[in-house]
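Engineer: predicted model and sequence follow; I will ask about them next.
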Amino acid sequence: MASPSSDLDRERRKCTFNVAELTDIINGGREKTERRQYLESLVLNEPIFNYDDYYFLSREEKYSDAVKKTVRLVQVLKQHNIEDPEDYQTLLKYVLNLNLPIALHNSMFRPTIRDQGTDEQRKKWLPLANDYKIIGTYAQTELGHGTFIRGLETTSTYDPKREEFVLNTPTLTATKWWPGCLGKTSTHAVVMAQLYIKNQCYGIHSFIIQLRSLKDHSPMPGVTVGDIGNKVGLETNDNGFLAMDNVRIPRENMLMRHAQVYPDGTYRKPANSKLVYGTMVLLRATVVSESATNLSKAATIAIRYSCVRRQTEAKPGELEPQIIDYVTQQHKLVPQLATAYAFAWIARYMMSTYHALHADIESGHLGALQELHGISSGLKAFTAEMSVSGIEVCRRACGGHGFSAASGLVSMYKDRLPSCTYEGENTVLYLQTARFLLKCFRQPSITPSSMSYIQVKPLPGARWGVKSPEDLMKPILLVEAFEHRAQRTIKSAAQFLESQISQGLDTSEAMNRSGIEFVRCAKAHCYYFVTRNFFQSTALLKCSKEIKESLLTLGVVFALNGIADNSGEFLEDCFITGTQMEFVRERILYCYKQLRPNLVGLVDAFAFADQSLNSALGAYDGDVYNRLYNWAKRAPLNKTDVHSSYHKYLKPILKSKI
Ligand SMILES: CCCCCCCCCCCCCCCCCC(=O)SCCNC(=O)CCNC(=O)[C@H](O)C(C)(C)COP(=O)(O)OP(=O)(O)OC[C@H]1O[C@@H](n2cnc3c(N)ncnc32)[C@H](O)[C@@H]1OP(=O)(O)O
Ligand SMILES: Cc1cc2nc3c(=O)[nH]c(=O)nc-3n(C[C@H](O)[C@H](O)[C@H](O)COP(=O)(O)OP(=O)(O)OC[C@H]3O[C@@H](n4cnc5c(N)ncnc54)[C@H](O)[C@@H]3O)c2cc1C
């Protein structure tokens with residue numbers, strides 16, 4: 001058998017480009033790579049951040065271990081004056097291989113105070129939060145409602161005599177359920193509740209509540225709080241429940257940047273009622289980036305392993321091939337790698353668009369709200385869905401060892417799965433994007449320039465300009481195919497809705513009946529958007545010819561697999577012919593061959609530290625079998641040669657007379 005390490009060495013020698021150059025591109029420049037390396041150096045050398053035996057821990061131990069790591073992380077951040085949220089996110093992405101029990105503090109609690117608090121409220125709460133003197137969460141979802149925010153039942157009733165709000169959980173279904181870091185960790189929460197003043201309901205607003213004593217962490221009077229129990233993945237996180245019984249907070253604890261309640265109970269409504277949903281939009285944009293990172297990790301593990309794993313001699317006595325050389329294996333993994341790159345590029349687009357539109361919103365241009373919501377909802381759903389299914393493809397591609405926790409892929413899959421549900425269930429978010437697409441379709445004046453393609457009506461009888469398999473290497477033709485599909489499905493969703501209305505259905509029923517068409521057009525739009533962005537961004541890169549070639553070929557793989565996997569949608573209006581579909585399949589194979597020498601280079605370029613992959617299959621040196629064996633030997637069941645259950649149960653049976 002060939003040595004696994006020499007297999008990877010040989011792969012690395014075959015690579016046609018400079019891996020470090022591509023790493024800089026992925027990180028966003030040389031300076032960012034250096035910053036990332038600096039941050040990694042602060043954490044990777046600390047024994048406390050060792051994850052070697054992590055997969056053997058019980059849920060409780062995992063939570064406790066995560067709290068220990070969190071506290072050390074906070075100390076490291078303070079010690080080195082690291083305050084930039086981008087640095088924190090870099091650490092989360094590349095070094096800390098777990099969902100921290102302060103995830104919600106940094107991703108939602110602080111941003112909500114920043115975006116929804118007045119200057120005074122920011123001045124009061126942010127220093128405490130930034131310094132981790134308090135730890136917060138975002139408590140919105142209830143037992144009875146998650147999607148339908150307007151249907152939340154928690155009440156916050158203003159008492160003008162005492163200038164206080166009184167928070168209540170009036171029914172069982174009003175119990176807050178799911179908020180991360182609520183069960184055991186947080187001292188405070190932003191609670192979303194229906195605001196009542198003098199018996200009138202003014203809808204959902206956000207309030208800061210103290211959950212636990214800062215002296216001994218016990219629940220505050222009127223607060224019932226705990227962990228919701230085991231779930232799929234995210235074992236380090238204490239998703240929790242919360243019920244409130246006449247919990248009083250000062251008037252100043254309502255976040256009042258957009259809506260205000262004055263001491264006498266006078267209410268001033270926000271300029272737009274959706275401003276209160278702002279933190280969710282930020283998190284949806286972040287999920288795009290999380291989806292990219294995790295799929296990159298999964299592809300790294302599965303591709304390295306597939307270069308090390310050998311199986312089935314083709315001819316007697318010959319060296320068994322590396323499994324990566326089976327085209328069926330390439331057909332599983334190369335599309336995941338291509339998707340990981342496409343998502344890394346769209347994640348950068350999403351974050352910069354978020355910051356630009358958020359700045360517009362801050363300066364009063366509220367039209368940007370719906371654009372940001374329209375873009376981020378669909379991209380969150382699209383990237384979460386494809387990333388989760390891609391991780392599972394990578395896991396299965398590792399055969400039996402993909403089932404071992406030591407692969408790192410099992411926990412990754414379980415931890416990513418909820419990203420299709422949290423921060424807006426995916427179908428619900430696709431429907432939101434579809435609403436925006438249809439609005440743009442009907443009203444050119446509100447269509448952002450990034451979506452102006454919607455205004456071009458697809459010509460009936462339009463045909464794809466591809467004449468040969470070689471034409472499929474032309475980004476313009478690939479983007480054209482996705483653009484056509486998106487235009488056609490948006491138009492057809494609009495027509496479907498109109499046909500329902502003309503049959504006499506009221507708007508909400510007509511919208512419901514059009515739901516499947518809506519989701520279809522939202523997905524088609526997202527595929528188009530990601531493909532176009534990938535080719536546009538890659539074309540602008542200043543890099544070696546070899547890197548550009550590899551990236552463009554990955555883009556072609558992403559696009560062609562999108563066409564092949566959704567062939568019905570391209571064939572049904574005869575935009576693509578059966579012959580062109582054959583070209584597509586032929587070119588996919590051609591691209592796999594082109595990319596084959598560079599597959600390890602393309603995953604090495606993500607530059608994940610072994611610790612962050614925490615995978616016996618995907619470590620840089622490829623020493624798979626030693627790692628698996630040594631890991632299994634450390635399993636708790638192997639602590640003794642004879643397990644206690646032998647003495648308790650087996651022995652009596654084995655020793656009994658027949
Ligand atoms: C320091 C930083 C460090 C960062 C580190 C980052 C580290 C990451 C770590 C990650 C850890 C993550 C842990 C997971 C956290 C999960 C947290 C949650 O799930 S939290 C819980 C998450 N929960 C969810 O996500 C719940 C999902 N549900 C919802 O969002 C809403 O209820 C809804 C959108 C479905 C409907 O809303 P509804 O009020 O009923 O609205 P209508 O239907 O009546 O439509 C009226 C009009 O409004 C429009 N519009 C709507 N929204 C927006 C918006 N945001 N804007 C603009 N417009 C909006 C809508 O399109 C429509 O327009 P039109 O067509 O009329 O023109
Ligand atoms: C791991 C995890 C962490 C979470 N963290 C937090 C947190 O920190 N804070 C917080 O407040 N919440 C949190 N949540 C809650 C999460 O945001 C909600 O679960 C999510 O928004 C989905 O809402 P739901 O559970 O009510 O699903 P439901 O809305 O009940 O969805 C069930 C099904 O109904 C469908 N459906 C619902 N409404 C519609 C509609 N209008 N049209 C068509 N189909 C529809 C959905 O597509 C889905 O198939 C978390 C959830 C999870 C799993």
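Structural biologist: On my side now, so go ahead. Residues are numbered from 1 along each chain as shown. Ligands and ions are numbered 1, 2, ... in the order given.
Engineer: helix, strand or coil for residue 165?
Structural biologist: Under DSSP: H, G, I helix; E, B strand; the rest coil, residue 165 falls in the strand class.
Engineer: what's opposite it in the beta bridge?
Structural biologist: residue 158, residue 249 (DSSP bridges).
Engineer: and for the residue nearest to residue 248 when sequence neighbours are not counted, the neighbour number?
Structural biologist: Using C-beta to C-beta, 6 or more residues apart in numbering and skipping residues adjacent in sequence, the residue nearest residue 248 is residue 164, 4.8 Å away. Just so you know, the C-beta spots here come from the backbone N, C-alpha and C atoms, and that holds for glycine as well. When neighbours are defined as other C-beta atoms under 10 Å, residue 164 has 17 of them.
Engineer: same thing with residue 620?
Structural biologist: Residue 620 - counted by other C-beta under 10 Å - has 16 other residues nearby.
Engineer: against ligand 2, how distant is the residue nearest to residue 248?
Structural biologist: Distance, residue 164 to ligand 2, using C-beta to the nearest ligand atom, to the nearest Å: 24 Å.
Engineer: how close does that residue get to ligand 1?
Structural biologist: Separation of residue 164 from ligand 1 (C-beta to the nearest ligand atom): 26 Å.
Engineer: surely that residue touches residue 247?
Structural biologist: No: the criterion here is C-beta atoms under 8 Å, and residue 164 misses it with residue 247 at 9.9 Å.
Engineer: and the pLDDT for the nearest residue to residue 559 once chain neighbours are set aside?
Structural biologist: Closest residue in space to residue 559, ignoring its immediate chain neighbours: residue 478 at 4.1 Å, by C-beta to C-beta, 6+ apart. Residue 478 is assigned 98 on the pLDDT scale.
Engineer: check residue 652 too.
Structural biologist: Reading off the model, residue 652 has pLDDT 91.
Engineer: same thing with residue 316?
Structural biologist: 88.
Engineer: for it, what are phi and psi?
Structural biologist: Dihedral pair for residue 316: phi -50, psi 130, per degrees, to the nearest 10.
Engineer: what's around it, how many residues?
Structural biologist: 5.
Engineer: what about residue 565, how many neighbours?
Structural biologist: 11.
Engineer: sorry, slip of the keys, the one I care about is residue 20.
Structural biologist: With other C-beta under 10 Å as criterion, residue 20 counts 12.
Engineer: contact partners for it?
Structural biologist: residue 33 (C-beta atoms under 8 Å, 6 or more residues apart in numbering).
Engineer: just the element for it, please.
Structural biologist: helix 19-27 (DSSP states H and E).
Engineer: just residue 204 next, same as before
Structural biologist: strand 200-210.
Engineer: and the next element down the chain from that strand?
Structural biologist: Counting by DSSP H and E, the next helix or strand C-terminal to strand 200-210 is strand 223-227.
Engineer: let me know the secondary structure of residue 356.
Structural biologist: Assignment for residue 356 (three-state DSSP): helix.
Engineer: returning to that earlier point: confirm for me that the residue nearest to residue 559 is in contact with residue 560.
Structural biologist: Yes: contact criterion C-beta under 8 Å: residue 478 and residue 560 qualify, at 7.4 Å.
Engineer: buried residues in stretch 8-19?
Structural biologist: 8, 11, 15, 17, 19 (16 or more other C-beta atoms under 10 Å).
Engineer: out of everything not next to it in sequence, what's closest to the fourth one?
Structural biologist: Here the nearest residue to residue 17 in space, its sequence neighbours aside, is residue 546; by C-beta to C-beta, 6+ apart that works out to 3.9 Å.
Engineer: circling back: list the residues that contact both of residue 478 and residue 560?
Structural biologist: Joint contacts of residue 478 and residue 560 (C-beta under 8 Å, 6+ apart) are residue 472.
Engineer: okay, now residue 591: neighbour count?
Structural biologist: Residues lying near residue 591 (other C-beta under 10 Å) number 24.
Engineer: for the one helix or strand in the chain whose mean pLDDT sits lowest, packing partners?
Structural biologist: Least confident helix or strand, the chain: helix 85-94 with a mean of 85, by mean pLDDT, DSSP states H and E. Packing partners of helix 85-94 (3 or more C-beta pairs under 8 Å, 6 or more residues apart in numbering; DSSP states H and E): helix 30-44, helix 59-79, helix 278-308.
Engineer: by contact count, what packs against the last one?
Structural biologist: The criterion is 3+ C-beta pairs under 8 Å, 6+ apart, and the helices and strands that helix 278-308 contacts are helix 4-14, helix 85-94, helix 110-116, helix 327-362, helix 367-397, helix 409-416, helix 599-604, helix 610-613.
Engineer: any chance of those helices in TSV, plus distance to ligand 2?
Structural biologist: Output for the helices and strands packed on helix 278-308, formatted as TSV (distance: least, C-beta to the nearest ligand atom, whole Å):
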stretch	distance to ligand 2
helix 4-14	35
helix 85-94	16
helix 110-116	11
helix 327-362	19
helix 367-397	10
helix 409-416	9
helix 599-604	28
helix 610-613	21
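Engineer: to residue 425, which of those lies closest?
Structural biologist: The closest of the helices and strands packed on helix 278-308 to residue 425 is helix 367-397. By C-beta to C-beta, the value is 8.5 Å.
Engineer: rounded mean pLDDT for the closest one, please.
Structural biologist: 96.
Engineer: is ligand 1 contacted by that helix?
Structural biologist: Yes: judged by C-beta under 6 Å from any ligand atom, helix 367-397 comes into contact with ligand 1 through 369, 370, 373.
Engineer: neighbours of the residue in the stretch 51-200 of the chain positioned nearest to ligand 2, how many?
Structural biologist: Nearest residue of the stretch 51-200 of the chain to ligand 2: residue 146, at 2.3 Å (C-beta to the nearest ligand atom). Using other C-beta under 10 Å, residue 146 has 18 other residues around it.
Engineer: before we move on, back to that, may I have the least confident helix or strand of the chain as CSV, with CA atoms only?
Structural biologist: Taking Å, rounded to 0.1, in the frame of the first residue of the first chain, the C-alpha atoms of helix 85-94 are listed here in CSV:
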residue,chain,number,x,y,z
PRO,A,85,-15.9,42.0,15.1
GLU,A,86,-14.2,40.8,11.9
ASP,A,87,-11.3,39.4,14.0
TYR,A,88,-13.8,37.6,16.2
GLN,A,89,-15.5,36.2,13.2
THR,A,90,-12.1,35.1,11.7
LEU,A,91,-11.4,33.2,14.9
LEU,A,92,-14.8,31.5,14.8
LYS,A,93,-14.4,30.5,11.2
TYR,A,94,-10.9,29.3,11.1
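Engineer: list of residues touching it?
Structural biologist: With C-beta under 8 Å, 6+ apart, helix 85-94 has contacts from 35-36, 39-40, 43, 73, 77, 82, 100, 106, 286, 289-290, 293, 607-609, 612.
Engineer: just the buried residues of those.
Structural biologist: By 16+ other C-beta under 10 Å, the contacts of helix 85-94 give 35-36, 39-40, 43, 73, 77, 82, 100, 106, 286, 289-290, 293, 607-609, 612 as buried.
Engineer: now the residue nearest to residue 559: how far from ligand 2?
Structural biologist: For residue 478 relative to ligand 2 (C-beta to the nearest ligand atom), the value is 31 Å.
Engineer: buried residues, the one helix or strand that residue maps to. List them.
Structural biologist: For residue 478, the element it lies in under DSSP H and E is helix 475-502. Residues 475, 478-494, 496-497, 500-501 are the ones in helix 475-502 that count as buried (16+ other C-beta under 10 Å).
Engineer: per-residue confidence at residue 202?
Structural biologist: Value listed for residue 202 in the pLDDT field: 98.
Engineer: using PDB, list the CA coordinates for stretch 226-236.
Structural biologist: Below are the C-alpha coordinates for stretch 226-236, written out as PDB (Å, rounded to 0.1, in the frame of the first residue of the first chain):
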ATOM      1  CA  GLY A 226     -33.800  26.600  31.400                       C
ATOM      2  CA  ASP A 227     -32.400  24.500  28.600                       C
ATOM      3  CA  ILE A 228     -34.800  22.900  26.100                       C
ATOM      4  CA  GLY A 229     -33.000  19.600  26.100                       C
ATOM      5  CA  ASN A 230     -31.100  17.600  23.400                       C
ATOM      6  CA  LYS A 231     -31.500  18.400  19.700                       C
ATOM      7  CA  VAL A 232     -29.800  17.700  16.500                       C
ATOM      8  CA  GLY A 233     -26.200  19.100  16.800                       C
ATOM      9  CA  LEU A 234     -25.200  22.300  18.500                       C
ATOM     10  CA  GLU A 235     -24.500  20.400  21.700                       C
ATOM     11  CA  THR A 236     -22.300  23.200  23.000                       C
END
